[in-house]
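> need coordinates for the below:
(chains A, B and C)
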Amino acid sequence: MKLNTLSITELKNRFDAGQATAVQATTDTLAAIAKATEDNSFITIASSEKLLKQAEQIDAARQSGSDDSRLTGPLAGVPIAIKDNICVRGLRTTAGSRMLENFVSPYDATVVERLKAAGAILIGKTNLDEFAMGSFSTTSFFGVIKNPRVANATPGGSSGGSAAAVAADLCAAALGSDTGGSIRMPAAQTCIVGIKPTYGRVSRHGLIAFASSLDQIGPMTKTVEDAAILLEVIAGHDPHDATSSTRPVPRFSDAVHQGIESGVRGMKIGIPKEYFEESLDIDPVVRSQIQKALERLETAGATLIELSLPHTMYATLTYHTIAAAEASSNLARFDGVRFGHRTADANTLNDLYELSRAEGFGTEVKRRILLGTLMLSTGYYDRYFRKAQQARNLITHDFTRAFQGVDIIATPASPCSKFVLPDANTQSDSAFHADRFNVACNLAGLPAISVPCNALTRDPNTDQPVGLQLIAPAFEENRLFQAAACLEYLQNQSRRMA
Amino acid sequence: MEIRPESLLHIARLAKIRLTEDEVVAFTDNLNAALQALDTLLQLPTESVTPCTHAPPLLAELANDTQNLLREDHVEQRLSPEDIMRNAPEQQDGHFRVPKVVED
Amino acid sequence: MSVYDNYEVVIGLEVHCQLLTESKIFSSASTAYGAPPNTQVAETDLALPGTLPVLNRRAVEFALRAGLALDCTINMRSVFARKNYFYPDLPSGYQLSQGDLPICKNGRLVIDDDGQEITVRIHRIHLEQDAGKSSHLEKQPFSLVDLNRAGVPLIEIVTEPDLRSADQAVAYLKELHAIVVYLGICDGNMEEGSFRCDANVSVRPRGQKELGTRTELKNINSFKFIKDALTYEVHRQIDLIEAGQKIVQETRLYNANKGITFSMRSKEEATDYRYFPDPDVPVLVIDPELLERVRQELPELPAQKRARLMAAYDLSLHDATVLCSDRQTAAYFEEALTAYPDNPKILANWVINELLREVKGDQTLENIPVRPAHLARLIALIDDQTLSGKLAKTVFEDMLETGEEPDAIVDKRGLKQVSDTTELTRIIDEIMEQNPGQVEAYRAGKTTLIGWFVGQTMKRSGGKANPQIVNELLRSKLDA
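Predicted structure coming up:
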């Protein structure tokens, strides 16, 4: 048994039972990464020497009963991959861009500090769409990412590298970031679990900003319980992020156990009709698998209630307007002065700016900066940007009203089952629709999880991954963990029966 | 609303991105497509709807928490001088160096 | 009557005050002035990818102090906006400032324009961050960027166009300067740029309603330069109009050496700053309890203090103004007054004429060896005739050097005034005995000789004789 194939929980159980060591887990993971270069999941692998040294210390501490959390914490010895738009001190942090090709972060993101404090082995930085702008993992300066679960397809994006790394067992779990579905959508495409927490649940300090009012870091894992464990570690108020909430962090793993032990009895699950309409271009596999998942939850005690989120049709346009506007400003700091790519051809200050940015940014990033600049400029701000801000309130209000009658809401995580290359190109049109089921949660700041809802045969030629998206009111991630754990448990049961 | 290549160039200058001629054409088309799509949004009646300026959960939190979002006035220099300059593409005497800022 | 008198001057001022916080407005880096370049820089000040601004509580309190002192309405919810533009001293590519919803609005400040009270309306006060500094190398095609100042907290105080002359503008600025210094929110150092002024200036023929085209004068850093620059600019505008030309709306700078203003000749196309609310900085909600506490802790302001000193101690406007020009002087005066409340006018004279003259260079009222209680004691010694005015000055000089108490110095140097009549009678008798000619001449009617006798007596007493008693004794003896 290679240890890299295990989930966090399984790995920890073996550590505790003395059946495995952190050194073995690290060695197996590094070996797997070395073999799986074809997927292009990683941009940077941490120094194996340093990782093994850390693993040795962890193993030694386990023997001697140290009380240093860095050596004995909840993730001690667990190999975790980090999306490369999250800063790790001393490692290159590129955001998938030529702009930051050689940028070495002088500080740790808060989530990274917390992972380190919990003893995690930070195995490397995963590939992503440039500055997390993309839905197909095709815009990275470091190349297209491949989906290890589906032949000739991408894992979706933008956290495609993290999704592919988890799916291909190149780590026990990973962190992604989600601005408009970038965790949930690739999680669905690779048949793993991905959760976007409530806006403010996890610190954004150290996450290279795409759209500040939408971005959120979250776990991408092999199991629902792993997502709960990982979120418990990274969540909670951070004095370096004024938008992070001061609310206490509940024990999410308790909700997982509740979902497994007592199911979802009494839980009301809203089914928004706007996400299932016939006119939507939804893959039939997706429809049938989502249907089956919902039926399973019903048998576990949930009530399905159809409802309406009337402003759904405006979500994508609203999202793209706001995200582009914020991005155009957030990416102004990449000017070739203090860090990042600097043109070799600048004679004037204006050349320095215009050429460094022209050379450093890829097409999709330029497109969004230009769109965002336009949206904020005189005349357009009042006509489009303010309109989008107003629409955002209406979309948020849809959810507020819906949650008066239901506990959670269920939708497909993605309308498609796979993004087959080379169709999965950078065309903004398809990107526009790929994340249509995800963006509303970011606009409203709500937590949402993608949980696999069909069993894979592990044959990349025939497998068709589908993810169920569950959405909860702000700061009610517990409900997501309970329902997702219940569904995962039922699916595992039926697989075992079969 | 439709923009012309000249307007796109103005936007690109604001965004400080030098564009090739091909890019000007492509982005003009692309942004016009985006604007056209946005016509749908313009149809949405929003009279008397407050614009949402921050993430909604944050706005909701503000109602019951005004204290923790401010920091105390304490000095802490976390970055070393080497950390501050380590990614600088060009530096001189501890400064970041740029082509001369034109001033008459 | 000059042609200039046919025009009315309209001035509005924008003052930037650097706030006296320890750390920057959105980061924990120090705000201390004069450190080596790029050493007081936090992740956010460098605009490193992934870093976020977190607002300094004290900066908010300082802005509230200014708002309350200037009679403003406080916005209980205010919003930070990004002003987007590229410049090397602006690391994030946007300045964090406040747009539509500033922390304070609609205030007022009453100033004294040559005896006439004028109310200047305050349009708004908002919080924002300062930029870094670019310095331009001679003979090299480079500029160098230092970010130590980037992110230092500022408040910008904007008036309505209510000022009608350069003198009024200066009077407003001086009063505002005194207030922010009193409030302890700004050190007021204009040379180091802690208190900076931009002025919007226009002229219109008297009687005309519409405002003329205005120009903006940027970054003027002394009261004198402000007066000179405004006077020059007003005359320039009137000359242009009289010559049938148009005023161009533009930003102008002041050249203090030549005494002229000149156009910045900005080539760039009209900038579009694309202001929008910063999603990283939550809406600033003012806690009513905090506001109340700031209100309670508001110190007495210069105008109030002046009025109180004049009423309570019968001081002149001039004396009150000098004593209230800064908080330290006023505090010194009042502390001395507490120690010896009997003679405020003499005390005021001594503070203004003797003490303040010594406050220069490194010598401040805080570290000057003459402590308020000591000066008070010196005045008391004058009042009870222990010291003559002249001796008091000698003692004062000694106090400046040694920091000793006046009584100790009087004892040490034996400077006590001799008021003992027995001793003085003995001296006078001696003088009269030795100078019968002078006595005779006096008695014959040359009474001006009294001065000579006084001088002799003072001399023989070693300057310590009480002149008043000497006079009385001499007259009674000579006139007898």
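> what helix or strand does residue 50 sit in?
Since you didn't name a chain, this refers to chain A. Using DSSP states H and E, residue A:50 falls within helix A:48-64.
> distance of the most centrally placed residue in chain B from chain A?
Nearest residue to the geometric centre of chain B (C-alpha atoms, centre = their mean): residue B:15, 8.6 Å. Distance of residue B:15 to chain A, given as C-beta to the nearest C-beta, to the nearest Å: 4 Å. Bear in mind the C-beta positions are built from the backbone N, C-alpha and C, glycine included.
> give the contact list for the closest residue to that residue other than its chain neighbours.
Residue nearest to residue B:15 in three dimensions, not counting chain neighbours: residue A:373, with 4.4 Å by C-beta to C-beta, 6 or more residues apart in numbering or on different chains. Applying C-beta atoms under 8 Å, 6 or more residues apart in numbering or on different chains, we find residue A:373 in contact with A:328, B:11, B:14-15, C:274.
> and what about residue A:373, helix, strand or coil?
Assigned with DSSP: H, G, I helix; E, B strand; the rest coil, residue A:373 falls in the helix class.
> got the confidence number for it?
Listed pLDDT for residue A:373 reads 98.
> quick check: next helix or strand after the lengthiest strand in chain C?
The longest strand of chain C (DSSP state E) is strand C:116-129. Downstream of strand C:116-129, the first helix or strand assigned by DSSP H and E is strand C:133-136.
> by mean pLDDT, flag the weakest helix or strand of the chain.
Picked chain A for this. helix A:428-434 (a mean of 60; mean pLDDT, DSSP states H and E).
> could you do chain B instead?
helix B:56-62 (a mean of 89).
> what are the buried residues along the following helix or strand past that helix?
Once helix B:56-62 ends, the next helix or strand along the chain (criterion: DSSP H and E) is helix B:81-85. Judged by neighbour count using 16 or more other C-beta atoms under 10 Å in any protein chain shown, the buried positions of helix B:81-85 are B:83-85.
> ok, stretch B:38-50 next?
Using 16+ other C-beta under 10 Å as the test for burial, stretch B:38-50 gives B:38, B:41, B:44, B:46, B:49.
> close to chain A, is the helix or strand hosting residue B:29?
Secondary structure from DSSP H and E places residue B:29 in helix B:21-37. Yes - Helix B:21-37 is in contact with chain A by C-beta under 8 Å from any C-beta of the partner chain, via B:23, B:27, B:30-31, B:34-35, B:37.
> check contacts around residue 51.
If you meant another chain, say so; for now it's chain A. Counting by C-beta under 8 Å, 6+ apart, the residues that residue A:51 touches are A:26, A:30, A:121-123.
> wait, I meant chain C there
Contacts of residue C:51 (C-beta under 8 Å, 6+ apart): A:107, A:205-206, A:240, C:42-44.
> what about residue A:291, neighbour count?
12 (other C-beta atoms under 10 Å in any protein chain shown).
> go on, the one 10 residues further on?
Here the neighbour count serves as a burial measure; for residue A:301 (other C-beta under 10 Å) it reads 13.
> contacting residues for the most centrally placed residue in chain A?
The C-alpha lying nearest the average C-alpha coordinate of chain A belongs to residue A:183 (C-alpha atoms, centre = their mean; 2.3 Å). Under the criterion of C-beta under 8 Å, 6+ apart, the contact list for residue A:183 reads A:159, A:176-177, A:194-196, A:218, A:220, A:450.
> let's go with 6 Å and repeat that
Counting by C-beta atoms under 6 Å, 6 or more residues apart in numbering or on different chains, residue A:183 makes contact with A:159, A:176, A:194, A:196, A:218.
> CSV for the residues you listed, including pLDDT, secondary structure and neighbour count?
As requested, the contacts of residue A:183 are arranged in CSV below (pLDDT from 0 to 100; DSSP: H, G, I helix; E, B strand; the rest coil; neighbours: other C-beta atoms under 10 Å in any protein chain shown):
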residue, pLDDT, secondary structure, neighbour count
A:159, 98, coil, 38
A:176, 98, strand, 33
A:194, 98, strand, 34
A:196, 98, strand, 36
A:218, 98, strand, 32
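> farthest pair within those?
A:159 and A:196 (10.2 Å; C-beta to C-beta).
> hang on, the earlier thing: out of the contacts of residue A:183, flag the one nearest to chain B.
If you rank those by distance to chain B using C-beta to the nearest C-beta, residue A:196 comes first, at 12.1 Å.
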